[in-house]
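Visitor: return a 3D structure for these sequence lines:
(chains A and B)
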2 protein chains.
Amino acid sequence: MFPGSEIYGGLANSWDYGPLGVELKNNIKAAWWKKFVLQRDDMVGLDAALIMNPKVWENSGHLENFSDPLVECKKCHHRFREDQLQEKKCPDCGGELLPAKQFNLMLKTFLGPVEDENAVVYLRPETAQAIFVDFKNVLQTSRKKLPFGIAQIGKAFRNEITPGNFIFRTREFEQMEIEYFVKPEDWQKAFEMWRQEMWSWMTDILGLKKENIFENDIAPGELAHYSKKTIDFEYKYPFGQKELYGMAYRTDFDLKRHYSEPPYEDADTKEKIYPHVIEPSLGVDRSFLAVLLDAYSEDGDRIILKLKPGLAPYKVAVSCIKKNDEKLVGKAKEIYQNLKKDFPSDFDNRGNIGKFYYSQDEIGTPYCVTVDFQTLEDNTVTIRHRDTASQERVQIEDLKNNISLR
Amino acid sequence: MFPGSEIYGGLANSWDYGPLGVELKNNIKAAWWKKFVLQRDDMVGLDAALIMNPKVWENSGHLENFSDPLVECKKCHHRFREDQLQEKKCPDCGGELLPAKQFNLMLKTFLGPVEDENAVVYLRPETAQAIFVDFKNVLQTSRKKLPFGIAQIGKAFRNEITPGNFIFRTREFEQMEIEYFVKPEDWQKAFEMWRQEMWSWMTDILGLKKENIFENDIAPGELAHYSKKTIDFEYKYPFGQKELYGMAYRTDFDLKRHYSEPPYEDADTKEKIYPHVIEPSLGVDRSFLAVLLDAYSEDGDRIILKLKPGLAPYKVAVSCIKKNDEKLVGKAKEIYQNLKKDFPSDFDNRGNIGKFYYSQDEIGTPYCVTVDFQTLEDNTVTIRHRDTASQERVQIEDLKNNISLR
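Guide: Here you go, the predicted model:
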């Protein structure tokens, strides 16, 4: 990852995903989509425009409530989030602080050729509202019956007063959100099902260690106004145990705000109802951060990124023991080109197997294939496993069967 | 696709991708990434923040030049793009038009807690500039040598005065861009290579008919200021032959704007140079539009969406001939669950095979599998091919081998 706009001095804690980073990020998003949309019968996807009619944010309550308490120093005019300050004095200059004001976190822009109040629109602060706004359209075209959910991946923006901790909190970020719609009486069952699914996602798919994850049941007094139950899944970051994901029972709060008539008709009873909602809400960037932290390990001077094979940027890398031997290099390239048809693969042509293994360990490649002189005689290669450093000799034609992405 | 924010009366030609739409869109993006990043040795990916330091747009020339001529009617105050008007009178009321003003197409917003000039930033009007700005970071971490390219997929925003034609021109859209860096003397060879690659993308991967695509070599006098050669690939839309993609030779214009020193050192000669750039620039939404239009066909009262199997939302759908027969439904579900592990699949339980075929044809599913009473006896099913409506009887265990995604 690179600091965003680095050659211009960066920009307010923004970050860019480089060549390997974008592959890991894409793999996380694809794994989420596969698990929660493609492989389930009760889920469909959505990809809504990021800029919505401003009435959405009026009715959702964001224009009124989506704000942080902001205080300004009388002396140096620096601004801070009041709830993050330890003392009543400015942390930068010790000056006196003015009374707090509510500061709306939505980024605004102007659409169309006139820059006035009527042209104001907002960059969405969450992907969730588009799912509620499109609920009826999705229902009519997919003909799903309760319980069912709608999933969406996309960018969201929050004008955080104090972003920070690398990609933990940024003003521009990407979400993976599900709104799961149920009959009002079924919410507890669905909540428990999704709690299990979240664990399966974190441990089976992302490969996070159980001991680094904590469930934090939000106390009734601290719940958001739309929620009757919320669990935060917290992760043990180097900078403290903090939120990784959130999961909320949002009742029928949102659908009631957007629809004056109940939008769902029960197929059997013909009763019209407002479905209730369970919301597993995930950040792509925080997933990425937790995966990197959790996979990072050291063994002497070896750095190993123990990524789940399904998430690794390259699944397999190929090299040979001599960089200037035409036959060896040719054979290695042939194997690489063949593997590349089925797996994202890397080719290393420096002819130094030690460095080859070290560098592939560092970027989390689960399998390394090495071509040597024996290869030219019997068509076998060495396949080496990242986490154990164990090696086996296999026939080239059996290579693909030796590569597991689980 | 649904109109964006439809329940609130929509918003300025914005559109949302529904459950099937998002699958087709995702498949287009994944196919592009596979062909142009994962399966090539001379390409890497990038995913940069959408909001960049405003100096980027100062140096790129966008703040100065990225504008359209806007005219306003003296009488009704409606605004239009001067270059799209047929006459010198207002098309809405016939009133007199004021002299044209230059209108910058970048959407602006404010970052941080103070809404003043220093806080102004822009939503990127193209993904390309991030590639130039990150060029040196990518070079240092990937250690690529010329010729090589960087690819990026992501949202961009343009405050079009007159958006329109469904998703042909929207203010929010998604791009797939490549900047391919070459030694100055190699640009023609690279341009021709990418011209071929664009044709391969349009015909082999998207499946567009050759006769609907036209190359338009932009005349030297009409080239953008940064380009020495540009080809537009135009498509025969129902609303006219218009741009689908563009491909430009941008020389070293952009790298020179962003780097005061040449950012690339030749490994052999140690000479420092500004690489030259070929830019194949693609829109995701226009790709989607062209694919839909090109795949749409009718056969009597049958509507068939002849999507390439690789792009189809569902690759296969399963049904059975009687909806209340427990054994048939059970068998069909078992086959469906098994196929779903490998392919995005749909299940149809209405027990009407005619309607089953019709509805799957309409959404472009290339294969339909039907379970009948013979299935229970000999474990065979009918597999039907969308485009030919031909059917074969195959063993259930051979089903997966009968499904080709090419």
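Visitor: A:Thr127 contacts A:Ile150, correct?
Guide: No: look at A:Thr127 against A:Ile150 with Cβ atoms under 8 Å: they stay out of range, at 10.3 Å. (C-beta placed from N, C-alpha, C; glycine too.)
Visitor: which one's more surrounded, these two?
Guide: Taking neighbours as other Cβ atoms under 10 Å in any protein chain shown, A:Thr127 and A:Ile150 compare with A:Ile150 leading, 27 against 24.
Visitor: and that one, what is it in contact with?
Guide: Residues near A:Ile150 by Cβ atoms under 8 Å, 6 or more residues apart in numbering or on different chains: A:Met43, A:Val44, A:Gly45, A:Leu46, A:Ile131, A:Asp134, A:Phe135, A:Val138, A:Ile178, A:Glu179, A:Phe181, B:Pro19.
Visitor: how about the nearest residue to A:Ala30, chain neighbours excluded?
Guide: B:Ala30 (7.8 Å; Cβ to Cβ, 6 or more residues apart in numbering or on different chains).
Visitor: what is the burial count for the one you found?
Guide: Using other Cβ under 10 Å as the criterion, the residues surrounding B:Ala30 number 16.
Visitor: just A:Gly94 next, same as before
Guide: 11.
Visitor: could you look up the SS state of it?
Guide: Recorded secondary structure, A:Gly94: coil (DSSP: H, G, I helix; E, B strand; the rest coil).
Visitor: quick check: it vs A:Gln86, distance?
Guide: 13 Å (Cβ to Cβ, to the nearest Å).
Visitor: let's verify A:Lys189: helix, strand, or coil?
Guide: Note that with three-state DSSP, the state of A:Lys189 is helix.
Visitor: if I look at it, how far off is B:Glu334?
Guide: 25 Å.
Visitor: which residues touch A:Trp33?
Guide: A:Trp33 makes contact with A:Gly45, A:Ala151, A:Ile153, B:Asn26, according to Cβ under 8 Å, 6+ apart.
Visitor: can you list the contacts of A:Ile150 in TSV and add neighbour count, distance to A:Tyr358 and pLDDT?
Guide: Listed next are these as TSV, based on neighbours: other Cβ atoms under 10 Å in any protein chain shown; distance: Cβ to Cβ, whole Å; pLDDT from 0 to 100:
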residue	neighbour count	distance to A:Tyr358	pLDDT
A:Met43	19	41	98
A:Val44	21	44	98
A:Gly45	25	40	98
A:Leu46	26	43	98
A:Ile131	23	45	98
A:Asp134	26	49	98
A:Phe135	23	51	98
A:Val138	21	49	98
A:Ile178	24	40	98
A:Glu179	26	45	98
A:Phe181	28	50	98
B:Pro19	21	45	98
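Visitor: how about stretch A:1-12, does it get close to chain B?
Guide: Yes: counting by Cβ under 8 Å from any Cβ of the partner chain, chain B has neighbours in stretch A:1-12: A:Phe2, A:Gly4, A:Ser5, A:Glu6, A:Ile7, A:Tyr8, A:Gly9, A:Gly10, A:Leu11, A:Ala12.
Visitor: any chance of TSV for those residues, columns secondary structure and pLDDT?
Guide: Below are those laid out as TSV (DSSP: H, G, I helix; E, B strand; the rest coil; pLDDT from 0 to 100):
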residue	secondary structure	pLDDT
A:Phe2	strand	97
A:Gly4	coil	97
A:Ser5	coil	96
A:Glu6	helix	97
A:Ile7	helix	97
A:Tyr8	helix	97
A:Gly9	coil	95
A:Gly10	coil	95
A:Leu11	coil	95
A:Ala12	coil	86
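Visitor: and those residues, which of them are buried?
Guide: A:Phe2, A:Gly4, A:Ser5, A:Glu6, A:Ile7, A:Tyr8, A:Leu11, A:Ala12 (16 or more other Cβ atoms under 10 Å in any protein chain shown).
Visitor: just give me the neighbour total for the residue lying closest to A:Ile161 once chain neighbours are set aside.
Guide: The shortest distance from A:Ile161 to any non-neighbouring residue, by Cβ to Cβ, 6+ apart, is to A:Arg81 (4.7 Å). Using other Cβ under 10 Å, A:Arg81 has 16 neighbouring residues.
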